[in-house]
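Student: Sequence first, then the predicted structure, then my questions.
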Amino acid sequence: MVSLIDIQTSAKLIKDNVLRTPLIYSHTFSKMTGTEVYLKLENLQIGGSFKIRGATHKIQSHLKQIRPKGVIAASVGNHAQGVALAARAADVPATIVMPIWASITKQEATRNYGAEVILQGESLLECIKIGQDLASKSGRMFIHPYDDEEVTIGQATIGLEILEDLPNPDLILVPVGGGGLIAGIATCVKSLRPQTQMVGVQAEACPSAYEALKLGKPVNIDYKNSIADAIMVTEVGESDFHIIREKVDQIVLVSEDQIAEAVTLLLERKKIIAEGGGAVPLAALLGSSLRIPKGSKVVLVISGGNVDSLVLDKIIRQGLRLHGRLMRLSVCLEDVSGSLASLLNLIARNRANVVHIHHSRNEQGLPINFTRVDLELETRGTEHINEIKDVLEGQGYHIKVKR
Ligand SMILES: Cc1ncc(COP(=O)(O)O)c(C=O)c1O
């Protein structure tokens with residue numbers, strides 16, 4: 001059983017190796033929701049996520065046993081970086097098994113922190129199995145990404161810091177993958193302030209803890225791909241499940257569109273880079289079925305910021321489209337000189353900016369004297385998009401607006 005004393009002891013043990021991340025008030029999100037919103041910024045943690053906390057606790061607690069052979073871990077990416085950094089700080093070797101599809105940025109960062117990376121396995125659960133086998137054959141210690149009470153104790157130190165900075169939160173929203181992060185924070189918060197509601201957030205694409213609570217036990221579920229790759233864990237950890245069942249008030253689910261919107265809002269409004277998994281608490285606050293009384297003090301744990309630039313680019317475009325800030329449309333034009341110029345003039349008069357244009361004449365299915373123009377426009381919002389659509393249609397253009 002994880003206890004408050006374990007967590008307080010861990011905070012002292014790991015304090016020289018991890019950052020005490022800030023808890024900041026967000027005027028924007030408070031205004032949008034009628035609540036008081038605070039962000040716990042673990043995206044600013046060393047290694048870009050909270051994972052160094054649990055890894056440091058585990059390694060520092062067993063230094064004698066771990067040296068000189070080192071440790072093995074399995075991870076989609078953030079635990080990999082956390083373990084690599086914690087091992088480097090303790091001067092012990094680390095080997096990390098990552099799935100073959102793991103983000104290139106996360107693989108490279110892990111290598112740069114001095115760990116050996118083995119790319120093997122399709123899912124995190126497969127990587128864990130491979131890592132555990134390797135560990136038992138080589139006599140090295142395996143550091144589980146979530147289903148290990150000592151790792152959970154390290155993650156729980158986030159709860160202590162939140163309550164030191166904000167002693168009376170009404171609600172804390174936490175991303176859930178394997179469940180170690182929320183199990184740790186909930187244990188801490190429910191010991192010190194039982195009336196604070198603890199809410200876990202998962203992607204609809206991989207609702208493993210949500211399903212486990214419904215069925216009364218952890219189950220290995222089917223999943224779809226998600227931009228929240230860090231929380232795509234198909235089976236919640238056994239030890240975490242028991243804590244979640246006892247101490248977490250609710251698990252809510254968010255869609256891919258809601259996650260993309262949350263990442264974009266954090267970037268645009270707060271200049272915060274969060275990865276999909278780190279942004280799900282904001283997605284839940286803005287879009288899920290949660291009913292939060294006005295004026296409540298709400299803490300969002302922004303658990304990580306490790307996102308590939310190309311993925312971030314895709315997420316931002318998706319987020320902008322959802323907000324009506326990008327309009328994509330296709331128009332058929334008569335193939336006569338000046339027809340493209342007239343279209344672009346009309347668009348300019350309606351104050352939309354052309355971001356991208358593709359003009360094709362030889363497409364299959366296009367009548368011989370017509371061309372097709374695909375456009376991406378920068379727009380001010382959904383109303384602006386509707387205005388442009390009405391104007392173009394009013395002038396006789398046949399347009400198809402794409403999502
Ligand atoms: C950024 C981020 N957020 C949340 C989580 C979920 O943590 P847990 O698996 O302990 O539930 C992870 C797990 O890797 C993560 O990397």
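Tutor: Great, that's in hand. Numbers count the residues shown, from 1 in each chain.
Student: residue of the protein with the smallest distance to the ligand?
Tutor: Gly304 (2.6 Å; Cβ to the nearest ligand atom). The C-beta positions use only the backbone N, C-alpha and C, and glycine is treated the same way.
Student: Report the contact partners of that residue.
Tutor: By Cβ atoms under 8 Å, 6 or more residues apart in numbering, the contact set of Gly304 is 42-43, 45, 48-51, 78, 230, 274-275, 277-278.
Student: List the buried residues for stretch 223-243?
Tutor: 226-237, 239-241, 243 (16 or more other Cβ atoms under 10 Å).
Student: What of stretch 9-21?
Tutor: Applying 16+ other Cβ under 10 Å to stretch 9-21 flags 10-11, 13-14, 17-18, 21 as buried.
Student: Now those in CSV, please, with extra columns for secondary structure, distance to the ligand and pLDDT.
Tutor: As requested, the buried residues of stretch 9-21 are arranged in CSV below (DSSP: H, G, I helix; E, B strand; the rest coil; distance: Cβ to the nearest ligand atom, whole Å; pLDDT from 0 to 100):
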residue, secondary structure, distance to the ligand, pLDDT
Ser10, helix, 15, 98
Ala11, helix, 18, 98
Leu13, helix, 19, 98
Ile14, helix, 16, 98
Asn17, coil, 18, 97
Val18, coil, 15, 98
Thr21, coil, 13, 98
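Student: how about the residues you listed, which pair is most distant?
Tutor: Leu13 and Thr21 (17.3 Å; Cβ to Cβ).
Student: care to break this protein down by domain?
Tutor: Domain assignment for the chain, taken from automatic domain parsing, gives 4-49+149-320, 51-143, 325-402.
Student: Which SSE is immediately downstream of the longest helix belonging to the chain?
Tutor: Of all segments of type helix in the chain, defined using DSSP state H, the longest is helix 149-165. On the C-terminal side of helix 149-165, the nearest following helix or strand under DSSP states H and E is strand 171-175.
Student: for the following helix or strand past that next one, packing partners?
Tutor: Counting by DSSP H and E, the next helix or strand C-terminal to strand 171-175 is helix 180-192. With contacts taken as 3 or more Cβ pairs under 8 Å, 6 or more residues apart in numbering; DSSP states H and E, helix 180-192 sits against helix 4-14, helix 149-165, strand 171-175, strand 197-203, helix 238-247.
Student: can I get the CA coordinates of the last one in CSV?
Tutor: Listed next in CSV are the C-alpha coordinates belonging to helix 238-247 (Å, rounded to 0.1, in the frame of the first residue of the first chain):
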residue,chain,number,x,y,z
GLU,A,238,-3.3,-4.2,-11.4
SER,A,239,-2.0,-2.3,-8.4
ASP,A,240,-3.0,1.1,-9.8
PHE,A,241,-6.5,-0.3,-10.6
HIS,A,242,-7.2,-1.0,-6.9
ILE,A,243,-6.1,2.5,-5.9
ILE,A,244,-8.2,4.1,-8.7
ARG,A,245,-11.3,2.1,-7.7
GLU,A,246,-10.9,3.3,-4.2
LYS,A,247,-9.7,6.9,-4.6
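Student: hmm, it touching the ligand?
Tutor: No: Helix 238-247 stays clear of the ligand (Cβ under 6 Å from any ligand atom), getting no nearer than 7.0 Å.
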